[in-house]
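Asks: okay, here's the prediction I keep looking at, along with the sequence it came from:
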Amino acid sequence: MSELYTSAWQESIENREAFWSRAAGAVEWSKEPSRAWDDARGWFPDGSLNTAVNAIDRHVAAGRGDAAAIIYDSPVTDTVETYSYARLADEVGRVATMLVRLGVGRGDRVILYMPMIPQTMFAMLACARLGAVHSVVFGGFAAHELAKRIDDATPRLILTASAGVEGSRKIAYKPMVDEALRTSNHQPDHVVLFQRDVLAADLIAPRDIDWAAMIEETSADPVPAPAEMAADDPLYILYTSGTTGTPKGVVRENGGHAVALTWSMANIYGVGPGDVFWAASDVGWVVGHSYIVYAPLLVGATTVLFEGKPVGTPDAGTFWRTIRRHGVKVFFTAPTAIRAIRKEDPSASFLREIGTGPLQAVFLAGERADPDTIHWLEEHSSLPVIDHWWQTELGWPGVATCHALGDTRRRAGSAGFPVPGYEFAILGDDGKELGRDQSGFVAVREPLPPGASRTLWNNKAGWEKNFAAFPGWYETGDAGYIDADGFVHIMGRTDDIINVAGHRLSTGQMEQIVAAQDGVAECAVIGADDAIKGMVPIAFVVPRAGFDADAGLPARVIAGVRGELGAVAALKTAYVVGALPKTRSGKILRNLLRKIANGEAWTCPPTIDDPAIPAAIESVIRQDSAKVA
């Protein structure tokens, strides 16, 4: 056990004022906060700062303008380009100038619907400089979902690109933006589009504006001064799936965000000025916000912006090649990516041939890392492979092995120990803490540490629901247990949110879409185990009378979900069944369906209405599997 970790965690719980006030000293403030916590205003209540200044300007002012800030590596376009901190300051300043010309100011919202290109980072940081609130929507997300976010955030502008590249596919973004705006109630002033060489897009005058032309037009305008933001002013809104189908806009505040991410880089990952850090995620997700864009730049490190896939761009060695090429010190990816690499290269021949250069550790997050995947990577890389856990709502790790605090304890199947600032408990239905090795609700004691959300955009009541079941505790929505040695084990969701390759998706939302398809009488969507993605959704459909012989029903169901949610939903299997297993009160037994789909042993619960139904469903699955085989 690391004394450094233990003392840090204890102080963060017993004397959080001193702990976080000291951590705040690593951030450059316009006005230094006089205290760390206030019950009404949250963290660093009387402090002010600018996040973009902390991420860029202060490093240039300190004489590190020539240091590498961003390495853009895009195997899908055969591009590698490095941006120094000085060049990044210029690029961000030019985008900020463009935004000001288009009427963007402090507090305005700007939606970014963009791929993994440098311009996306420039735009995020330009918004931060101006005090505008950016909301990044994963590029390629379905138009219907984009429209919901437009109506909730009511942005002044939408920034987009002509296309994204997903493996060998080019995805046109502009048609999806146009469709979203045809169905949304709110209409932004303009759509600003960055034309990519891979695929051009048509502009609709006068609404649409060419990015490059606008940058050129405003090149003589003065670069706007950075806005001084209160610590509790919003930096960004990031939408995550809601159980009702309505997206939840998680709000991140400037002050706590900067302090927490700065602390995490030094004390969890051991990364500082000049180190190369690579988070192989997407800027549309919280990992991308925190550990591609902000955290590495806040500490003066070099961040890798990677536009590619773990396999197929061009092969299963692309991760190791990228790590070696750029001298990555710490690598952060999802278990899904490692499983995909292992499937393509089970003997790790690429890893043996290429090596990992100066890499010191691999961190995994996004969904539960199965022990077999961890052992495989540790065996072939000879590096510590560290699982850790957090959520969009938290913004940074809550459970981890704090590598940089000298803690080396790891247990495959566990995400580690509570990170300083977090006090975890496993609660029973009655809200009482359970003993070691007892499974229950994973909860975090209030107040949540700096960097965690304190509200949802336009939905304060929705945020407060997280604390309603267990007063004084934040209910994470996950189930798990703490073992006899203090390792925290996160076992899965307690509601209908499933984790597909790191993407949180609502099966309830999918059911609404499936139920709306012609010929569907009843349906259920569950998350089944998957060797590559961790979980995948599977639909069970009861046809309406007259549709029993409709061979096209499964395909329509799958197409309906993909059309509403996009390919990220990953629904590829829909079984047509005669009936769904239910309790006598009419509740669908989704856990039973999940066991049947996973091929696990199951028994009929005593509350089931018709004991013959599960066996009939199992027979349908077996017959379908036999056809595939």
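Replies: Received it, and whenever you're ready, just let me know what you need. None of the values given here were measured: they were computed from a predicted structure.
Asks: pull the contacting residues for the residue of the chain positioned farthest from its centre.
Replies: Relative to the C-alpha centroid of the chain, counting by Cα atoms, centre = their mean, residue 546 is the outermost residue, at 42.5 Å. Neighbouring residues of residue 546 by Cβ atoms under 8 Å, 6 or more residues apart in numbering: residue 519. Bear in mind the C-beta positions are built from the backbone N, C-alpha and C, glycine included.
Asks: just checking, it is part of a helix?
Replies: No - per DSSP: H, G, I helix; E, B strand; the rest coil, residue 546 lies outside any helix segment and is coil.
Asks: need the per-residue pLDDT for it.
Replies: With respect to pLDDT, residue 546 scores 80.
Asks: for the remainder of this discussion, apply numbering that starts at 685.
Replies: Will do, 685 is the new start, and the previous item becomes residue 1230.
Asks: grab the nearest non-local neighbour of residue 749.
Replies: Leaving aside its sequence neighbours, residue 749 sits nearest to residue 770 (Cβ to Cβ, 6 or more residues apart in numbering; 3.4 Å).
Asks: and the one you found, which helix or strand is it part of?
Replies: helix 769-785 (DSSP states H and E).
Asks: now that helix: mean pLDDT?
Replies: 98.
Asks: same check, this time on stretch 983-994
Replies: Mean predicted lDDT for stretch 983-994 stands at 97.
Asks: span of it from start to end?
Replies: One end of stretch 983-994 sits 27 Å from the other (Cα to Cα, to the nearest Å).
Asks: how about residue 849: what's its closest non-neighbour residue?
Replies: In space, residue 849 is closest to residue 760, 4.2 Å off (Cβ to Cβ, 6+ apart).
Asks: how about residue 872, what does it touch?
Replies: Taking Cβ under 8 Å, 6+ apart as the criterion, residue 872 is in contact with 795, 834, 839-842, 865.
Asks: before we move on, the earlier item: quick one: contacts of the helix holding residue 770?
Replies: Contacts of helix 769-785 (Cβ under 8 Å, 6+ apart): 736, 740-741, 743-744, 748-754, 767, 794, 802-803, 806-807, 809-811, 813-814, 816, 841, 876, 895, 898-899, 901-903, 905-908, 981, 984.
Asks: on that earlier part again, now the residue nearest to residue 849: how far from residue 841?
Replies: 27 Å (Cβ to Cβ, to the nearest Å).
Asks: can I get the CA coordinates of the helix holding residue 770 in PDB?
Replies: Taking Å, rounded to 0.1, in the frame of the first residue of the first chain, the C-alpha atoms of helix 769-785 are listed here in PDB:
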ATOM      1  CA  TYR A 769       1.800  26.000 -28.200                       C
ATOM      2  CA  ALA A 770       2.500  29.200 -30.000                       C
ATOM      3  CA  ARG A 771       0.900  28.000 -33.200                       C
ATOM      4  CA  LEU A 772      -2.100  26.600 -31.200                       C
ATOM      5  CA  ALA A 773      -2.500  30.100 -29.600                       C
ATOM      6  CA  ASP A 774      -2.600  31.600 -33.100                       C
ATOM      7  CA  GLU A 775      -5.100  29.100 -34.400                       C
ATOM      8  CA  VAL A 776      -7.400  29.400 -31.400                       C
ATOM      9  CA  GLY A 777      -7.200  33.200 -31.600                       C
ATOM     10  CA  ARG A 778      -8.200  33.200 -35.200                       C
ATOM     11  CA  VAL A 779     -11.200  30.900 -34.600                       C
ATOM     12  CA  ALA A 780     -12.200  33.100 -31.600                       C
ATOM     13  CA  THR A 781     -12.000  36.200 -33.900                       C
ATOM     14  CA  MET A 782     -14.300  34.500 -36.400                       C
ATOM     15  CA  LEU A 783     -16.800  33.600 -33.600                       C
ATOM     16  CA  VAL A 784     -16.900  37.100 -32.400                       C
ATOM     17  CA  ARG A 785     -17.600  38.500 -35.900                       C
END
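Asks: in it, which residues are buried?
Replies: 769-784 (16 or more other Cβ atoms under 10 Å).
Asks: count residues in the vicinity of the residue nearest to residue 849, would you?
Replies: 22 (other Cβ atoms under 10 Å).
Asks: for residue 846, see how far away it is.
Replies: 15 Å.
Asks: now swap in residue 1146 and tell me
Replies: Distance from residue 1146 to residue 846, by Cβ to Cβ: 35 Å.
Asks: neighbour-wise, which of those two wins?
Replies: A count of neighbours by other Cβ under 10 Å puts residue 846 above the other of residue 1146 and residue 846, at 21 against 16.
Asks: quick one: the more buried one and residue 876 touch, right?
Replies: No - Residue 846 is beyond contact range of residue 876, at 11.7 Å (criterion: Cβ atoms under 8 Å).
Asks: ok, residue 790 - contacts?
Replies: With contact set as Cβ under 8 Å, 6+ apart, residue 790 has these partners: 814-816, 911, 913.
Asks: between the residues you listed, which is closest to residue 1096?
Replies: residue 913 (42.0 Å; Cβ to Cβ).
Asks: how many residues are close by the closest one?
Replies: By the criterion of other Cβ under 10 Å, residue 913 has 27 neighbours.
Asks: repeat that for residue 1231.
Replies: 16.
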